[in-house]
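# Based on what follows, work out the 3D shape:
(one chain, ligands or ions: 1)
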Amino acid sequence: MNIPKRCDVVIIGGGPAGSMAATFLRQKGYDTVLFEKQKHPRYMVGESLIPQFWKYCDIGKVSDKIQAEGFIQKQGGTVVWDGVIRQAAFKDFGYTRPALHVERDRFDQILLEHARAQGAQVFEQVSVVNADLNQGEQVSVTYRPAGEKTLSQISCRFIIDASGQNAVIARQLGIRVADKEYPFMSVWGYFTGSKYVALDGKAYPFEMLRTVPPTTFISSTEGWGWSWHIPLRETTSVGLVVPIEQMKSVRAADEALEGYFLRRCSEIPYLNRLLETARYCEGSMHVIRPYSHRPKQLCGPGFYLIGDAAAFIDPVLSEGCLLAMYSAYLAAWAIDRSFKDPGRVAESQAFFTNQFAGRYELGHALMLTSYGASAKVSDVARNSIQFDSSRERELMYVALTMAGRAENLLKVVNPADKERIAVNKYRVLEEIVF
Ligand SMILES: Cc1cc2nc3c(=O)[nH]c(=O)nc-3n(C[C@H](O)[C@H](O)[C@H](O)COP(=O)(O)OP(=O)(O)OC[C@H]3O[C@@H](n4cnc5c(N)ncnc54)[C@H](O)[C@@H]3O)c2cc1C
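Numbers count the residues shown, from 1 in each chain. Here you go, the predicted structure:
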């Protein structure tokens, strides 16, 4: 492994945020080193992508490679929230390209290999241990290749932390705060042979995925919990987002987590019928304990936090990968500007913070389950929504309607925009036909 002693930018983590940041920086000509502690393809949850992600893949010139992979194309969403079944189609909002259900190990590998092909120096199985941020114009990263005892250092002008939930720099600086407004955990697993729901409101056998495209299927459960059902190429990803309070009773009853997961899957209306023909893949259960967190700071002297390393909220809108790519784009822009005009580093960082915090705060305000009681909408969130196109705002309104919280959006947008955004581009179904 020939790791250099210095470069322009070091990126920690090779998920969608880190790989896309590396691609964007290489497009601008910067000497970029990326450390990934695992070896791709590596497992990751988060398989449902909404169509806006193509925007950043186009800029990064990776769309053809993703298209060529043949991931499952989805046409929209079917949501059963508090017993009401609603369906929405992406094409009704003017999207001409499909959204995708992706195996994240393969999707993330494509993005990482693309970054490498653009000239980023990618080193897998190398863990970043910490960052030294107190060196004036230079910063450095301490890393350890897998299987080696000795630590080494690389210095650079900027570090981008894209290490996901590990949040290397935010933890080191103590600026990562658990988000008490999202007290959820998640448990999920994989099934073969599950039926799925298509846009005509009918359930189809798994074998028909390529002829009749699926929708992502979501159901609400008690206490603002919910379940997902995401058909992939070989298996179907099924998961539960559960209020932590509810899990206490599971622990009290001493029920094994896997038993709880399978029991709940067999109790949730419609999900249980989709899984009637399915077989659980033994040992495929995963769990993530409270995962929502907020940053006190998104960047600082010599560093930027992007993707999940910065912040994470409830994944019900399937926006995680999109935000990872968006923040990667913003960080690459700010770093480019800082190199070109070193006198404007602080200004570039302020712009990055404003844009990314706005996006994040907006998501936070929209996803709140008890908006009226506790919401404080920041100005950056209010401004952020003005940057969205009207179709993005319409889609957001419909998605929030389907997930029982459309009012949140109406409280954030300008009063003049309300009528335009509050569209009913969804249909209500009497039932799902099996
Ligand atoms: C239950 C659940 C469901 C979700 N569903 C969806 C969904 O349907 N759609 C969606 O878009 N998003 C979803 N998400 C969110 C999505 O998974 C994340 O937002 C996305 O993976 C963020 O990408 P990232 O690049 O920031 O981080 P990651 O994808 O986590 O990548 C971080 C990388 O950094 C590496 N790393 C960590 N520490 C170090 C270190 N010290 N040194 C070097 N490398 C390191 C890791 O190995 C990893 O490869 C979901 C999340 C959860 C928890």
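# And the next helix or strand past the lowest-mean-pLDDT helix or strand in the chain?
Lowest on mean pLDDT, DSSP states H and E among the helices and strands of the chain sits helix 371-374, with a mean of 48. Next in sequence after helix 371-374, counting helices and strands by DSSP states H and E, comes helix 379-386.
# and this protein, what are its domains?
9-47+103-177+293-355, 74-98+183-291+388-434 (automatic domain parsing).
# If we look just around the ligand, which residues of the stretch 201-350 of the chain are in range?
239, 288, 291, 307-309, 315, 318-321, 324 (Cβ under 6 Å from any ligand atom). For every residue, glycine as well, the C-beta is placed using N, CA and C.
# Separate out the buried members of these.
239, 291, 307-309, 315, 318-321, 324 (16 or more other Cβ atoms under 10 Å).
# In helices, which of these fall?
Those of those mapping onto helices are 320-321, 324, per DSSP state H.
# I'd like those residues written out as TSV, with pLDDT added.
Output for those, formatted as TSV (pLDDT from 0 to 100):
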residue	pLDDT
G320	94
C321	97
A324	97
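# For the ligand, state which of those is nearest.
Nearest to the ligand out of these is G320 (Cβ to the nearest ligand atom; 2.3 Å).
# what does the stretch 1-150 of the chain put close to the ligand?
Taking Cβ under 6 Å from any ligand atom as the contact definition, the stretch 1-150 of the chain meets the ligand at 12-18, 35-38, 42, 44-49, 127-128.
# Filter those down to just the ones in strands.
Counting by DSSP state E, these place 12, 35-36, 48-49, 127-128 in strands.
# Can you get me a residue count around M185?
18 (other Cβ atoms under 10 Å).
# Now it: which helix or strand?
Here M185 is assigned to strand 184-192, by DSSP H and E.
# what's the longest helix in the chain?
Longest helix in the chain, counting by DSSP H: helix 345-367.
# Give me the packing partners of it, helices and strands only.
strand 299-300, helix 320-340, helix 379-386, helix 406-412 (3 or more Cβ pairs under 8 Å, 6 or more residues apart in numbering; DSSP states H and E).
# Can you tell me the strand partners of the first one and which way each runs?
Using DSSP bridges, the strands paired with strand 299-300 are strand 303-305 (antiparallel).
# pLDDT of the strand it pairs with, averaged?
In this model, strand 303-305 carries a mean pLDDT of 98.
# how near is E319 to L400?
Using Cβ to Cβ, to the nearest Å, E319 is found at 12 Å from L400.
# repeat for P290
Taken as Cβ to Cβ, the span from P290 to L400 is 23 Å.
# Next: A22.
Counting by Cβ to Cβ - A22 and L400 are separated by 33 Å.
# again, but for P145
For P145, the distance to L400 - Cβ to Cβ - is 45 Å.
# Could you check how many residues crowd around whatever residue of the stretch 151-300 of the chain ends up closest to the ligand?
Taking Cβ to the nearest ligand atom, the ligand has its nearest neighbour within the stretch 151-300 of the chain at G164, 2.4 Å off. The tally of other residues near G164 (other Cβ under 10 Å) stands at 21.
# what residues are up against the residue nearest to it when sequence neighbours are not counted?
Distances taken as Cβ to Cβ, 6 or more residues apart in numbering put D308 closest to G164, at 4.4 Å, once the chain neighbours are dropped. Contacts for D308 (Cβ atoms under 8 Å, 6 or more residues apart in numbering) come out as 15, 17, 164-165, 167, 320, 324.
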